[in-house]
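Asker: no sequence for this one, just the structure:
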């Protein structure tokens, strides 16, 4: 069973940076993609960024130019570097491993709060 471990959330002022980490102790080599989603109460979970097995990346328009997704397969870890944070980035951020159809898994979530 895959258990993703997230870290790095917190409370920051607008304009500052945070880096989120998500580790799969079983590794991430060979997965279809690693993804970061975020969710605020009362809204659907939305895809923020994705990195494929071949290192292709995707960003939702709201974070382009500010967030960077990367991975270290040796460490089994995916990162989300978040720069120039805005209050509207406040959400719970979830890591998602996609190795469908065999394995999909969510992290436990980490809270990011950006004050104005």
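Answerer: Now that the structure is in, tell me what you want to look at. The shown structure was predicted, so the numbers you read here are calculated from the model rather than taken from an experiment.

Asker: what's across from residue 50 in the sheet?
Answerer: residue 35, residue 58 (DSSP bridges).

Asker: My guess is it contacts residue 69. True?
Answerer: Yes - in this structure, residue 50 is within contact of residue 69 by C-beta atoms under 8 Å, at 6.9 Å. Quick note: C-beta positions are derived from backbone N, CA and C, even for glycine.

Asker: The helix or strand that contains residue 79: partners in the sheet, and parallel or antiparallel?
Answerer: For residue 79, the host element (DSSP states H and E) is strand 77-82. Using DSSP bridges, strand 77-82 pairs in its sheet with strand 18-23 (antiparallel), strand 67-72 (antiparallel).

Asker: quick one: average pLDDT of the first one?
Answerer: So the one you mean is strand 18-23. For strand 18-23, mean pLDDT is 98.

Asker: Flag every buried residue along that strand.
Answerer: Neighbour-count burial for strand 18-23 flags 18, 20, 21, 22, 23 (criterion: 16 or more other C-beta atoms under 10 Å).

Asker: Which one of the residues you listed is nearest to residue 110?
Answerer: The closest of the buried residues of strand 18-23 to residue 110 turns out to be residue 20 (C-beta to C-beta; 6.1 Å).

Asker: how far away is the closest one from residue 11?
Answerer: Here the criterion is C-beta to C-beta, to the nearest Å. By it, residue 20 lies 14 Å from residue 11.

Asker: Provide a list of residues in contact with the most centrally placed residue in the chain.
Answerer: Residue closest to the average C-alpha location in the chain (C-alpha atoms, centre = their mean): residue 36, at 2.8 Å. If you count contacts by C-beta atoms under 8 Å, 6 or more residues apart in numbering, residue 36 has them with 20, 22, 47-50, 69, 78, 80, 93-96.

Asker: one step back: give me the buried positions along the strand holding residue 79.
Answerer: Using 16+ other C-beta under 10 Å as the burial criterion, the residues of strand 77-82 that qualify are 77, 78, 79, 80, 82.
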